[in-house]
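Enquirer: Predicted model, plus sequence, below.
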Amino acid sequence: MPPLHYIAAISRVSDVYIEIMETYRKQTCRNHCSIYGPNGKQTLTIPVIKVNGNHTLTKDIRISRHQPWQKIHWRSIKTAYNNSPFFLYYKDYFAPFYEKPYEFLIDFNFALLEQILSVLKIPVNLHFTETFKKVVVGYDDLREKLVDRNTDLFMPSAHYTQVFEPSHGFLPGLSILDVIFNLGPESASYLIILKTG
């Protein structure tokens, strides 16, 4: 579930290249996301297997099946957003991702990203990189800025109402899911504010 600013950046362009040929790094939004639960910010982590140890490419990262992470994540999402204004409307778009087994992390992430972009009606062509290039010419290279799981904490966020805000205040740095369930059809307009603000 990508961070809010990841989706905002994608919404500015017509073509996006997703880096899959780099050596996989831990502690990024590739297998982490943050939601707003009853006790505040909650991090959900997909357990992964690096088949070639520290030399495993992102495209080769497998999802571990040693724990029922999908069931745990969906239960946490329901607890966090069941009382949000648009959970009932949008939940069926996301529930299948927490039921169907996925072997590779990139397959789960790509399918989920396509669903998010469809829900938000963001027309963008998604591509995978074919080789790793340390320096990219002719494109905005946001690989370093957008993959850190805490990226959104350092980017300005416009206020919107969150379910547990009365208890813990407004929390920036959450996944796009927080915006979708709280703002519904206004989510795309909110992304425009982030793009220009």
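Expert: Happy to help now that I have it.
Enquirer: Do a quick rundown of the strands in this protein.
Expert: 15-18, 32-37, 40-45, 48-49, 62-63, 125-128 (DSSP state E).
Enquirer: Residue 7 contacts residue 191, doesn't it?
Expert: Yes: in this structure, residue 7 is within contact of residue 191 by C-beta atoms under 8 Å, at 6.5 Å. Heads up, the C-betas are built off the backbone N, CA and C, glycines and all.
Enquirer: hey, what's in contact with both of those two?
Expert: Residues touching both residue 7 and residue 191 by C-beta atoms under 8 Å, 6 or more residues apart in numbering: 120, 122.
Enquirer: burial count for residue 142?
Expert: Neighbours of residue 142 under the rule other C-beta atoms under 10 Å: 17.
Enquirer: That one - nearest residue in space that isn't next to it in sequence?
Expert: Using C-beta to C-beta, 6 or more residues apart in numbering and skipping the chain neighbours, the partner closest in space to residue 142 is residue 9 (5.7 Å).
Enquirer: From residue 124, how far off is the one you found?
Expert: Separation of residue 9 from residue 124 (C-beta to C-beta, to the nearest Å): 10 Å.
Enquirer: of the two, who's got more company?
Expert: residue 9 (21 against 16).
Enquirer: What separation is there between the closest residue to residue 104 other than its chain neighbours and residue 98?
Expert: Spatial nearest neighbour of residue 104, chain neighbours left out: residue 62 (5.9 Å); criterion: C-beta to C-beta, 6+ apart. To residue 98, residue 62 is 18 Å away according to C-beta to C-beta.
Enquirer: One more: residue 109?
Expert: Look at residue 109 and residue 98: by C-beta to C-beta, they are 14 Å apart.
Enquirer: These two: which is more packed in?
Expert: For residue 109 versus residue 98, neighbours defined as other C-beta under 10 Å are more numerous around residue 109 (22 against 17).
Enquirer: which one's the longest helix in this protein?
Expert: helix 105-119 (DSSP state H).
Enquirer: and that helix, what other elements does it pack with?
Expert: In terms of contacts (3 or more C-beta pairs under 8 Å, 6 or more residues apart in numbering; DSSP states H and E), helix 105-119 is packed against helix 4-10, strand 62-63, helix 87-94, strand 125-128, helix 176-183.
Enquirer: Which other helices and strands does the second one contact?
Expert: Helices and strands touching strand 62-63, as assessed by 3+ C-beta pairs under 8 Å, 6+ apart, comprise strand 48-49, helix 105-119.
Enquirer: Kindly report the same for the last one.
Expert: Based on contacts counted as 3+ C-beta pairs under 8 Å, 6+ apart, the elements that helix 176-183 packs against are helix 4-10, strand 32-37, helix 69-81, helix 87-94, helix 105-119, helix 187-196.
Enquirer: Just the buried residues of the longest one, please?
Expert: Applying a neighbour-count criterion of 16 or more other C-beta atoms under 10 Å, the buried positions in helix 105-119 are 105-106, 108-110, 112-113, 116-117, 119.
Enquirer: Run through who's touching it.
Expert: So helix 105-119 is contacted by 1-2, 7, 10, 18, 20, 30-31, 46, 48, 58-59, 61-63, 90, 93-94, 97, 102, 123-124, 126, 128, 176, 180 (C-beta under 8 Å, 6+ apart).
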